[in-house]
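[1] quick check, what structure comes out for this input:
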Amino acid sequence: MNFKLVFNVVGRVMFLVAIAMVVPLGVALLYREDLRPFLFSIALVAAAGWVLTSIPAPNRSFYEREGFFAVGMIWVLMGVVGALPLFFSQEGEFSSFINCVFEASSGFTTTGATILTDIESCSRGVLFWRSLTHWLGGMGVLVLTTALMPSLGISSRYLAQAESPGPVFSKLVPKQAQTSKILYGIYCGLTLLEVLVLKIAGMPLYDSFIHAMSTAGTGGFSNRNASVGAYGSPAFEWIIGIFILFFSVNFTIHFLVLSGKAREAWESDELRFFLKMVGIATLLITLNLIGFYDNLGDCLRYAFFQVSSIISTTGFSSTDYSYWPHFSQAVIVALTFCGACAGSTGGGVKCSRVLLGWRSIRREVHKIIHPRSVQVVKLDGKVVEESTLHSVLVFLFCYVLLIAGATMVVSLDNFSFTTSITAALTCISNVGPGLEVVGPAGNFAAFSDLSKAVLALLMIVGRLEIFPVLVLFSRMAWRKN
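    Sure, this is the predicted structure:
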């Protein structure tokens with residue numbers, strides 16, 4: 001393991017986080033709030049970055065093992081350094097450092113789970129930082145690093161591969177730094193477009209930035225206690241719901257559309273599967289809610305918004321679906337597990353894995369009926385390698401195993417089984433709200449420090465899709481050779 005070069009990469013990311021903290025510092029200055037939380041944090045994080053980047057690394061050998069190790073280390077540290085402005089602010093429940101780490105981890109991993117019981121009592125600078133962590137974590141801090149600092153002197157492909165969600169990693173163009181710039185160009189463009197549309201629709205500019213950044217990262221932090229439902233505006237719900245879907249599809253699709261290859265984009269099996277899931281789930285919940293709301297239009301609006309919010313793993317809420325019929329809640333839980341598309345800012349298992357798993361099952365059934373036949377699994381018309389299918393099965397097994405383990409730990413707090421398992425599921429899927437105590441109107445404040453620490457780690461495991469974090473805790477990865 002080339003530790004010196006890994007520390008150099010970590011140091012560069014620390015510098016980037018310190019620079020990002022200047023933005024909420026400016027917001028705090030604009031609204032004449034206390035600047036010290038951000039000034040102290042910027043100084044500490046920048047100093048840490050300077051120390052790490054000062055370590056000489058003459059050996060520039062950087063391979064897949066270093067990439068996974070660096071990514072795992074960076075994302076664990078992100079929760080700590082991101083917690084500093086919250087801890088120094090001492091607002092609300094932020095007097096406890098574990099609460100701050102939980103909130104920051106939830107932000108950077110775009111989970112949106114919160115320990116705050118009164119969000120609106122926090123300062124604007126702190127709330128802006130919460131949503132900015134969503135935006136930074138959505139596309140990936142290392143993707144941003146390779147876009148802004150391409151001269152790492154190493155192959156950044158391994159960093160992007162370890163951080164990118166989905167069973168298959170691919171680049172838009174041959175150079176990873178150029179791919180990163182294209183991705184962030186699309187990302188920034190869609191974010192600013194949503195800010196503009198929300199402002200035109202009547203949302204205050206500050207609120208528009210908060211919700212656009214949270215939408216872009218499919219995170220779900222809001223500056224209102226009742227989330228998007230606080231506005232009581234159908235227009236806001238439809239706008240945010242539609243933009244959520246934009247950020248939930250593979251960014252390669254956006255690139256193809258912008259390149260004039262819309263037909264090729266539509267041929268994506270995962271995209272069509274994702275849209276079918278959204279349509280079917282919306283229809284089922286709408287029908288199940290008839291009689292629950294005053295008219296069919298309200299049923300459709302609430303169903304569409306919550307389906308978009310949950311399958312994208314954003315976690316915004318326009319109503320408390322904990323009171324919905326049990327069938328609708330079951331659909332919500334299934335969408336939590338499924339998640340968005342690979343290569344998007346969304347979390348969960350990813351639609352591509354669900355689709356590959358389904359086609360693998362269908363192939364096995366076919367082989368039982370026709371034992372001499374040769375059957376292959378295809379995605380987008382291409383044969384999927386057996387190694388990829390194997391990794392999907394291993395991933396799903398690890399996913400379920402981690403949910404079971406975390407549920408057992410959380411159960412020590414004596415919450416109901418529904419609360420415990422949905423808390424674990426929503427954290428590893430990076431969704432945010434679950435059911436009962438952790439429902440859309442609830443929070444994670446009542447959990448013990450042990451449960452918060454486990455759930456925070458689960459968020460990071462889910463964001464990095466398990467293996468980079470497992471590499472970090474592997475003894476073999478810590479060996480020099």
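[2] tell me the confidence at residue 16?
    Per-residue pLDDT puts residue 16 at 88.
[3] burial check on it, number of neighbours?
    Number of residues near residue 16 (other C-beta atoms under 10 Å) recorded here: 18. For every residue, glycine as well, the C-beta is placed using N, CA and C.
[4] then residue 451?
    With other C-beta under 10 Å as criterion, residue 451 counts 22.
[5] any idea which element it lies in?
    helix 449-463 (DSSP states H and E).
[6] please identify the buried residues of that helix?
    451-463 (16 or more other C-beta atoms under 10 Å).
[7] quick one: list the elements packing against it.
    Applying 3 or more C-beta pairs under 8 Å, 6 or more residues apart in numbering; DSSP states H and E, we find helix 449-463 packed against helix 64-81, helix 97-108, helix 386-410, helix 417-428, helix 467-472.
[8] wait, what's in contact with residue 81?
    Counting by C-beta atoms under 8 Å, 6 or more residues apart in numbering, residue 81 makes contact with 14, 17, 41, 44-45, 48, 104.
[9] from those, which two are the most distant?
    Greatest spatial distance in the contacts of residue 81: 48 and 104, 15.2 Å, computed using C-beta to C-beta.
[10] of the two, who's got more company?
    Neighbours were counted for residue 48 and for residue 104 using other C-beta under 10 Å; residue 104 has more, 25 against 19.
[11] the stretch 251-400 of the chain: strands as residue ranges?
    With DSSP state E, counting those that start in this stretch as the criterion, the stretch 251-400 of the chain has strands at 378-379, 382-383.
[12] out of the ones you listed, which is the most enclosed?
    Among these, the stretch with the highest mean neighbour count (mean count of other C-beta atoms under 10 Å) is strand 378-379, at a mean of 14.
[13] gap between it and the chain center?
    26 Å (C-alpha atoms, centre = their mean, to the nearest Å).
[14] mind listing what that strand pairs with, with the direction of each?
    Using DSSP bridges, strand 378-379 pairs in its sheet with strand 382-383 (antiparallel).
[15] and stretch 264-273, which residues are buried?
    For stretch 264-273, burial by neighbour count (16+ other C-beta under 10 Å) applies to 265, 268-271, 273.
[16] quick one: pLDDT of the closest residue to residue 378 other than its chain neighbours?
    Spatial nearest neighbour of residue 378, chain neighbours left out: residue 384 (6.5 Å); criterion: C-beta to C-beta, 6 or more residues apart in numbering. What the model reports for residue 384 is a pLDDT of 86.
[17] separation between residue 384 and residue 390?
    10 Å (C-beta to C-beta, to the nearest Å).
[18] want to try TSV for the strands of the stretch 251-400 of the chain, with distance to residue 439 as columns?
    Below are those laid out as TSV (distance: least, C-beta to C-beta, whole Å):
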stretch	distance to residue 439
strand 378-379	35
strand 382-383	41
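[19] restricted to strands, list the contacts of residue 81.
    Secondary structure of these is defined by DSSP state E; no position falls in strands.
[20] just the buried residues of these.
    14, 17, 41, 45, 48, 104.
[21] which single one of those is nearest to residue 186?
    residue 17 (22.5 Å).
[22] thought the closest one was touching residue 45?
    Yes. Taking contacts as C-beta atoms under 8 Å, residue 17 lies within contact range of residue 45: 5.5 Å.
[23] circling back to that earlier point, and residue 384 and residue 390? Which one has more around it.
    residue 384 (19 against 11).
[24] let me see the contact set for the more buried one.
    Contacts of residue 384 by C-beta under 8 Å, 6+ apart are 356, 376-378.
[25] how near is it to residue 135?
    Shown here: residue 384 relative to residue 135, a distance of 33 Å by C-beta to C-beta.
[26] likewise for residue 288?
    34 Å.
[27] these two: which is more packed in?
    Each of residue 288 and residue 135 has its neighbours counted (other C-beta under 10 Å); residue 135 has more, 26 against 19.
[28] wait, the more buried one sits on residue 191?
    Yes. Counting by C-beta under 8 Å, residue 135 touches residue 191, with 7.0 Å between them.
[29] which residues are in contact with each of those two?
    Common contact partners of residue 135 and residue 191 (C-beta under 8 Å, 6+ apart): 213, 216.
[30] mind picking the two most distant members of the buried residues of stretch 264-273?
    Most distant of the buried residues of stretch 264-273, by C-beta to C-beta, are 265 and 273, 14.1 Å apart.
[31] now residue 424, nearest residue through space, not along the chain?
    Spatial nearest neighbour of residue 424, chain neighbours left out: residue 406 (3.9 Å); criterion: C-beta to C-beta, 6+ apart.
[32] what sits against the one you found?
    So residue 406 contacts 423-424, 427-428, 454-455, 458 (C-beta under 8 Å, 6+ apart).
[33] can you tell me which of the residues you listed is nearest residue 131?
    residue 427 (18.8 Å).
[34] residues in contact with the closest one?
    Contact analysis of residue 427 by C-beta under 8 Å, 6+ apart lists 111, 113, 406, 455-456, 458-459, 462.
[35] that older thread, for the residue nearest to residue 424, give its distance to residue 266.
    38 Å.
[36] residue 458 reaches residue 429, doesn't it?
    No. Residue 458 lies out of contact with residue 429 (C-beta under 8 Å); the separation is 9.5 Å.
[37] can you pull out the low-pLDDT segments for the stretch 101-250 of the chain?
    Low-confidence segments of the stretch 101-250 of the chain (pLDDT under 70): 141-177.
[38] quick one, helices of it?
    Ranges of helices within the stretch 101-250 of the chain are 124-139, 141-148, 157-163, 176-200, 205-216, 234-248, based on DSSP state H, counting those that start in this stretch.
[39] deepest-packed of those helices, please.
    When the helices of the stretch 101-250 of the chain are compared using mean count of other C-beta under 10 Å, helix 124-139 is most buried, at a mean of 26.
[40] how about the nearest residue to the residue nearest in space to the middle of the chain, chain neighbours excluded?
    For the chain, the residue sitting closest to the mean C-alpha position, by C-alpha atoms, centre = their mean, is residue 110 at 3.6 Å. Take residue 110 and drop its neighbours on the chain: the residue closest to it by C-beta to C-beta, 6+ apart is residue 219, 4.0 Å away.
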